[in-house]
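Asker: Sequence first, then the predicted structure, then my questions.
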Amino acid sequence: MQIDLPIAISMGALFVSLVSLYFTRRFWLQSNRPIVTAFVDEHSALNMASTFNLVISNTGNRPAVNIRLHADADKVSSLHGEGATEQMMEEIARCFEDESMVALLRNGEDLSTAFGSFGVEKSNRQVNYGAQIPILVTYEDLDGRRYKGRMPLKVFVRNGFAGAVWSKSKPSSRGARHA
């Protein structure tokens, strides 16, 4: 049996086209999806204490649904500071329970919840500053495709992550005209 050269070329072109279509769709799905991350951010800072929020953020370009944070209970307990109250320990642990699932997170949206505080005095340390645990974030897109991401969750001040930031300078009054 002999294959005609034009038919073989056509079959090869069809194969290349189908492979190209497959990869184009695959890359489109990867680039047009929700991307959900979780991190601890400083809510406010005073001279003697800082308060923190746990933030869930969707930086993708499609909404995410059924977002859950998963962590081992032993690892979560390592986040508790020396002065953690029972209520605060429960609030931190609740972030990783089924009941705290976020039903919908729009693209570009951030949601936050209180995540303890850290003070100079040991009795005011509801979270263990610098503690880091591994977490798993699971979520879906609107079409039911499932995603998961493993990431570290660390309790620290993000602005000035290495320990220092420049203060905002005040506008100079030099050269200002007064009426």
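Answerer: Structure received. Numbers count the residues shown, from 1 in each chain.
Asker: Below-threshold pLDDT in this structure: ranges please.
Answerer: Applying pLDDT under 70 to the chain flags residues 1, 46-47, 163, 167-179.
Asker: quick one: the strands in it?
Answerer: 36-45, 49-58, 64-70, 102-105, 110-119, 132-140, 146-154 (DSSP state E).
Asker: So which of those is nearest S20?
Answerer: strand 146-154 (25.0 Å; Cβ to Cβ). Quick note: C-beta positions are derived from backbone N, CA and C, even for glycine.
Asker: Please save the CA atoms from that closest one in CSV.
Answerer: This file holds the C-alpha atoms of strand 146-154, laid out as CSV (Å, rounded to 0.1, in the frame of the first residue of the first chain):
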residue,chain,number,x,y,z
ARG,A,146,-10.6,22.8,40.6
TYR,A,147,-7.3,24.4,41.6
LYS,A,148,-5.0,24.2,44.6
GLY,A,149,-1.9,26.0,45.7
ARG,A,150,0.5,25.3,48.5
MET,A,151,2.1,28.4,50.1
PRO,A,152,3.7,29.5,53.4
LEU,A,153,1.6,31.7,55.7
LYS,A,154,3.9,33.8,57.9
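Asker: Give me the residues contacting it.
Answerer: 33-40, 54, 64, 71, 130-141 (Cβ atoms under 8 Å, 6 or more residues apart in numbering).
Asker: go on, stretch 95-114?
Answerer: 34, 36, 41, 43, 51-71, 73, 76, 91, 94, 115, 135, 139.
Asker: Pull out the buried residues from it.
Answerer: Within stretch 95-114, the residues scored as buried using 16 or more other Cβ atoms under 10 Å are 95-96, 102, 105, 111.
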